[in-house]
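1. Following is a predicted model, sequence given first.
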Amino acid sequence: MFTGYISQTMKMGATIPTYRTFTLEELKNTTNNFNSMNIISEGTHHRIYRATIADGTHLAIRRLEMTKKRSPQSYMSDIEEISKLRHSHLSSALGHCFECYPDDSSVSRIYLVFEFTANGNLRDHISGKGREAELIDVMIFSYARCCVSRTHPPL
């Protein structure tokens, strides 16, 4: 259900995509200049965009707004830890990009690039979001079946 691209790739015997640093220009191209139509999720200090690269691979790009001025090097240990996480129930990190202030080179935004999972995220599955529609469908079907069985004799 949650299995991601990297997990499937490993099962097929192919190589795992190398974690890499993306350029801001690459990310702008894949998201149509961070077009609002590509926003998947939004929070106080982040936005997640859907993106597609040239080979057709779908990505999720999380844009984090930094509130403290720090150098890119100060974030690298956290970035390295994220890059090492591999599990079939997690979207794998494929890369990152730093956007820096021009005056002092401190980080203004961090972009984290993940594989895109079409089945939603783990939080939604755990919390049951999306199940309401399924439950309503089952209730409507059961009600309709009950009504039909009462109005029509069995064949």
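-> Cool, the structure landed. All of these numbers come straight from a predicted model, not from anything done at the bench. Numbering: from 1, shown residues only.

2. Was I right to think Tyr75 contacts Arg109?
-> No: using C-beta atoms under 8 Å as the test, Tyr75 is too far from Arg109 to be in contact (11.1 Å). Every residue, glycine included, has its C-beta placed from N, CA and C.

3. Could you find the closest non-adjacent residue to Arg47?
-> Closest residue in space to Arg47, ignoring its immediate chain neighbours: Arg63 at 4.9 Å, by C-beta to C-beta, 6 or more residues apart in numbering.

4. swap in Cys100?
-> Once flanking residues are discounted, Cys100 sits nearest to Val107: 5.6 Å by C-beta to C-beta, 6+ apart.

5. show me the contacts for that neighbour.
-> Each residue near Val107 by C-beta atoms under 8 Å, 6 or more residues apart in numbering is listed here: Met66, Lys69, Arg70, Ser71, Pro72, Tyr75, Phe98, Glu99, Cys100, Tyr101.

6. From what I see, the fifth one and Phe98 are in contact.
-> Pointing back at Pro72 there. Yes: counting by C-beta under 8 Å, Phe98 is a contact partner of Pro72 at 4.6 Å.

7. So for those two, which sits in the more crowded spot?
-> Phe98 (21 against 16; other C-beta atoms under 10 Å).

8. Contacts for the host helix or strand of that one next, please.
-> Applying DSSP states H and E as the criterion places Phe98 in strand 93-100. Outside strand 93-100, the residues that touch it by C-beta under 8 Å, 6+ apart are 17, 19-24, 26-27, 59, 72, 75, 79, 82-83, 85, 106-115.

9. can you list the domains in this protein?
-> Annotated domains of the chain cover 5-120, 130-155 [automatic domain parsing].

10. quick one: which of the ones you listed has the weakest pLDDT on average?
-> Mean pLDDT is lowest for domain 130-155 among those, at a mean of 56.

11. Just give the closest residue to Arg109, not the sequence neighbours.
-> Spatially, and ignoring its direct neighbours in sequence, Arg109 is nearest to Glu99 (4.1 Å; C-beta to C-beta, 6+ apart).

12. Please report how far the one you found lies from Lys28.
-> Glu99 sits 10 Å away from Lys28, going by C-beta to C-beta, to the nearest Å.
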